[in-house]
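Trainee: This is the structure alone, sequence omitted:
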C-alpha cells in the first residue's frame, strides 16, 4: 500500500501552501485544470492514495498515511482541498487533526458526507436487476451528462476503477454512516446546482454547521465534476477564500508555477 505526492512547483520556490487530496488515480485527470489555475498563484501539492489489486482499500489507513506525510513534511498548518471521496478524506482528517489544517475546501461533499456517487451506485445495485456495467454507464450519464457511446464507455471504465480502488466507506454488503457536522478550521464548501449526487439540498444542509466566516458556494452548472468544467471560476472562489484567511505572500502572485499534467 502506498500514497504518492507530487509538488506542482519548481524546487527553488517555497514549500506548498495547499494540498489537493486524491482518493483514486483513475479520476485525477478531472482535477488537473483546477490545479493548474491555482498553481499559477500559489505552490500546490497533490497527495494521492494508491493501492494495488491485492490490497484492501481503507479510509482509516489512508488517513494514517496522510497524517504521517503531513507531520513529516510540513512545519506549519496547510490548506487542504478535495473533491468527492478526496474531500471526505480531507474532512475526516481536519476533524482528527485540526492543528495541521489551516483551512478546508470541499468540492461535491454534502452535509451528509457519506453520500457519494458510490453510495448511489450500491443503492441501485440492490434495487435494480441490472449488471454492474449497465449501472456504471448510467452513473456516467448522471455525473458527466455525457451520452456519446465512445465517451461514455471510457467514463464507465474510469468509474469502475474508482469503485474498485478508492478508500470508500461503502460496499455492496453495507453502506456506513459518517457523522454530520463541521470542523473547527475555516471551511469552504463548493458544489454545482445541477449535480445529481450532491444536489443543492444536500449542500444547503451545511448551513447549521457553518461558522461565521465559512463559505458555501454553488457553481451555476457543471454537474458532479464542475471544477473540470469551470476551473477558472472555481479557482477564483478558492483563492478569495484563502485570501480572506491570510494575506497572501506578495511575490507568489507574480511567479509562473510549473503546472501539473493530467
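Mentor: Looks like it arrived, so ask away. Since the structure is predicted, the reported quantities are computational estimates derived from the model, not experimental observations.

Trainee: what's the spacing between residue 26 and residue 158?
Mentor: Distance of residue 26 to residue 158, computed by CB to CB, to the nearest Å: 5 Å. For the C-beta atoms, the positions are set from N, CA and C on the backbone; glycine is no exception.

Trainee: And for residue 208, the neighbour number?
Mentor: Using other CB atoms under 10 Å, residue 208 has 10 neighbouring residues.

Trainee: So it belongs to a helix, correct?
Mentor: Yes: when the secondary structure is assigned by DSSP: H, G, I helix; E, B strand; the rest coil, residue 208 falls within a helix.

Trainee: I'd like the distance between the closest residue to residue 181 other than its chain neighbours and residue 152.
Mentor: Counting by CB to CB, 6 or more residues apart in numbering, the nearest residue to residue 181 once its immediate chain neighbours are dropped is residue 209, at 5.4 Å. In this view, residue 209 and residue 152 are 36 Å apart by CB to CB.

Trainee: Equivalent analysis for residue 190, please.
Mentor: Here the distance between residue 190 and residue 152 works out to 26 Å (CB to CB).

Trainee: Could you do residue 94 as well?
Mentor: Counting by CB to CB, the gap between residue 94 and residue 152 amounts to 35 Å.

Trainee: Please apply the same query to residue 177.
Mentor: 31 Å.

Trainee: on that earlier part again, got a list of what the residue nearest to residue 181 touches?
Mentor: With contacts taken as CB atoms under 8 Å, 6 or more residues apart in numbering, residue 209 has the following neighbours: 111, 180-182.

Trainee: For the nearest residue to residue 186 once chain neighbours are set aside, name its beta-bridge partners.
Mentor: Distance criterion CB to CB, 6+ apart; nearest residue to residue 186, sequence neighbours excluded, is residue 103 at 4.2 Å. Here residue 103 shows beta-bridge partners residue 79, assigned using DSSP bridges.

Trainee: Please work out how many residues are found near residue 103.
Mentor: Under the neighbour criterion other CB under 10 Å, residue 103 is assigned a count of 23.

Trainee: Repeat that for the one 4 residues further on.
Mentor: Residues contacting residue 107 under the criterion other CB under 10 Å number 27.

Trainee: For residue 244, give its distance to residue 224.
Mentor: As judged by CB to CB, residue 244 and residue 224 stand 26 Å apart.

Trainee: Looking at the two, which one has more neighbours?
Mentor: Residue environment comparison for residue 244 versus residue 224 gives the larger neighbour count to residue 224, 25 against 13, counting by other CB under 10 Å.

Trainee: And that one, what's its pLDDT?
Mentor: We have a pLDDT of 95 for residue 224.
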